[in-house]
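I would like the atomic coordinates for the input below:
(4 chains)
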Protein chains: 2
Amino acid sequence: MALGKDYARQECSIARALEIVGERWTLLVMRDALYGVRRYNDFLVHLGIPRAVLASRLQTLTEHGLLAKRRYQQSPPRDEYVVTDRGAALWPALRALGQWGREHFDSDPLRYFRHADCGTELGPYGECPACGTAVPLPDVEMVPGPGLDPDPADPVSRALLKPKRLLQPVHIETEPAA
Amino acid sequence: MALGKDYARQECSIARALEIVGERWTLLVMRDALYGVRRYNDFLVHLGIPRAVLASRLQTLTEHGLLAKRRYQQSPPRDEYVVTDRGAALWPALRALGQWGREHFDSDPLRYFRHADCGTELGPYGECPACGTAVPLPDVEMVPGPGLDPDPADPVSRALLKPKRLLQPVHIETEPAA
DNA sequence: ACTGTTGGTTCAATGACCGAACCTACAGTG
DNA sequence: CACTGTAGGTTCGGTCATTGAACCAACAGT
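As a prediction, the model looks like this:
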């Protein structure tokens, strides 16, 4: 791996975590998975990642138990990748990273995250300021912000323009011929 | 860069963040900097990173404003790298990542983080459960946990065995001849 | 028979990473 | 002065991950 998996000698949980998710693309794959992307092809068009790299990342994420492969149709055999509890536990880290990137490098917010039950925007730690509790992932609603391209090219990005809950599978509309 | 800096087309603050800190070693350099490591040589021996890579990472981190180069002695000219506010703002993300790595892949905790004012161990978001507030970095005390090697080879790891506050420069003891 | 979809594998070229060696500027010692 | 040591790099050849394009396989639909 380009990142090199092994941070030998590092006695540190951060290094341990980076050995799993520190390679190029890996965290973006997990982000997409948390957003509800599940299929090889959807990851592919949304990320613009080389096919071989995607296949490799999905495999190692599955091996380490962040994703699980699940057959969603028998013939032809097709599998989708769903987020496990371990994978979902990565959300606070991803959120914190996104928060940092947005505060320091983006002018306009790209996405908002709200507590679906009460509509309140999540606080800095991903908690609900109104309810005062941690919000479970399926109750986090993601809504597009002003910085987002309103008419993206790929269908996955278009599907993600609609407000939706995390982990809820994205629904790709089949192209209308007209 | 091996990780490749550019996640082109990605409309996402996470991708933006990863363009800055997503390359191999970069987050570990920032972790060390937050722990109080400031000098080229200390990063070098503590991380076991190739010299050229370290020089490159320090430069780009400085360019992006996460670290600042500061002359600490005039002759011979020597610079150290200190964490800026922008760099310090990365702490929640690093902490969340470490938390995840520890919960899912480490048996014994390697380090504890406490609120120095009251001694309470930090909560899952890095807040102080007792005081109910966010803890500023200089008030976070880092103490070694049971999983840590009690007699590491390099002097920086040895210096980090003592409880210390974040951002507080590590003090490297000069080798006693005997 | 032909075309399209999904989920990959294979391959050559590129480029990042690695480790070792080298370099510069200075301080201290004899 | 010559010699040694320290701090902070740069240079270089070899290796390994990433990239993008091409190819493959299984099946569905027409």
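
The closest residue to A:V143 other than its chain neighbours: how many residues sit nearby?
Residue nearest to A:V143 in three dimensions, not counting chain neighbours: A:P163, with 4.3 Å by Cβ to Cβ, 6 or more residues apart in numbering or on different chains. Every C-beta, even on glycine, is put in place using the N, C-alpha and C of the backbone. By the measure other Cβ atoms under 10 Å in any protein chain shown, the count of residues near A:P163 is 13.

Output the contacting helices and strands for the helix or strand of chain A with the lowest mean pLDDT.
When the helices and strands of chain A are scored by mean pLDDT, DSSP states H and E, strand A:133-134 comes last with a mean of 87. Secondary-structure packing of strand A:133-134 (3 or more Cβ pairs under 8 Å, 6 or more residues apart in numbering or on different chains; DSSP states H and E): strand A:127-128.

I would like the residues contacting the strand it packs on, please.
Identification of contacts with strand A:127-128 by Cβ atoms under 8 Å, 6 or more residues apart in numbering or on different chains yields A:H115, A:D117, A:C118, A:T120, A:L122, A:T133, A:A134, A:V135, B:Y125.

Swap in 10 Å and give it another go.
Residues outside strand A:127-128 that contact it (Cβ atoms under 10 Å, 6 or more residues apart in numbering or on different chains) are A:92, A:114-122, A:133-135, A:139-140, B:124-125, B:127.

what's the next secondary structure element after the lengthiest helix in chain A?
The helix that spans the most residues within chain A, counting by DSSP state H, is helix A:91-105. Where DSSP states H and E defines the elements, the next helix or strand beyond helix A:91-105 is strand A:111-115.

can you give me the mean pLDDT across that following strand?
The average pLDDT for strand A:111-115 rounds to 96.

Excluding chain neighbours, what is closest to A:L44?
Nearest one to A:L44, counting by Cβ to Cβ, 6+ apart, is A:L54 at 5.9 Å.

which ones are touching that neighbour?
A:W25, A:V29, A:Y40, A:N41, A:F43, A:L44, A:L47.

picking up where we left off before, residues contacting the residue nearest to A:V143?
Counting by Cβ under 10 Å, 6+ apart, A:P163 has contacts A:R111, A:Y112, A:R114, A:A116, A:E141, A:M142, A:V143, A:P144.

Pick the one among those residues closest to chain B.
The nearest member of the contacts of A:P163 to chain B, counting by Cβ to the nearest Cβ, is A:R111 at 7.8 Å.

So that closest one sits against A:L160, correct?
Yes. In this structure, A:R111 is within contact of A:L160 by Cβ atoms under 10 Å, at 8.5 Å.

and the residue nearest the centre of chain A, what is it in contact with?
Chain A has A:R31 as the residue nearest its centroid, 1.7 Å off, counting by Cα atoms, centre = their mean. Applying Cβ under 10 Å, 6+ apart, we find A:R31 in contact with A:37, A:47, A:90-91, A:94-95, A:97-98, B:10, B:12, B:14-15, B:18.

Is any residue of stretch A:17-36 near DNA strand D?
Yes. Stretch A:17-36 is in contact with DNA strand D by Cβ under 7 Å from any atom of the strand, via A:E23, A:R24, A:W25.

and what of stretch A:41-50?
Yes. Remark: stretch A:41-50 sits within contact range of DNA strand D at A:G48, A:I49, A:P50, by Cβ under 7 Å from any atom of the strand.

what's the helix or strand for A:A33?
Here A:A33 is assigned to helix A:26-35, by DSSP H and E.

What are the structural domain limits within chain A?
A:13-86, A:90-165 (automatic domain parsing).

worst average pLDDT in those?
Among the domains of chain A, domain A:90-165 scores lowest, at a mean of 93.

give the contact list for A:L27.
Per Cβ under 10 Å, 6+ apart, neighbours of A:L27: A:18, A:21, A:57, A:90, A:93-94, A:97, B:14-15, B:17-18, B:22, B:97.

Closest one to DNA strand C out of these, please.
B:G22 (9.3 Å; Cβ to the nearest atom of the strand).

and the closest one, how many neighbours?
Count around B:G22 with other Cβ under 10 Å applied: 26.

How about the residues of chain A by DNA strand C?
Counting by Cβ under 7 Å from any atom of the strand, the residues of chain A that sit close to DNA strand C are A:2-4, A:39-42, A:51-52, A:55, A:58, A:76, A:78-80.

So which bits of stretch A:104-121 are buried?
Along stretch A:104-121, these residues count as buried under the neighbour rule (16 or more other Cβ atoms under 10 Å in any protein chain shown): A:H104, A:D106, A:L110, A:R111, A:F113, A:R114, A:H115, A:A116.

which of the residues you listed are close to chain B?
When contact is defined as Cβ under 10 Å from any Cβ of the partner chain, those meet chain B at A:H104, A:D106, A:L110, A:R111.

Tell me the one among those nearest to B:P152.
The closest of these to B:P152 turns out to be A:H104 (Cβ to Cβ; 33.5 Å).
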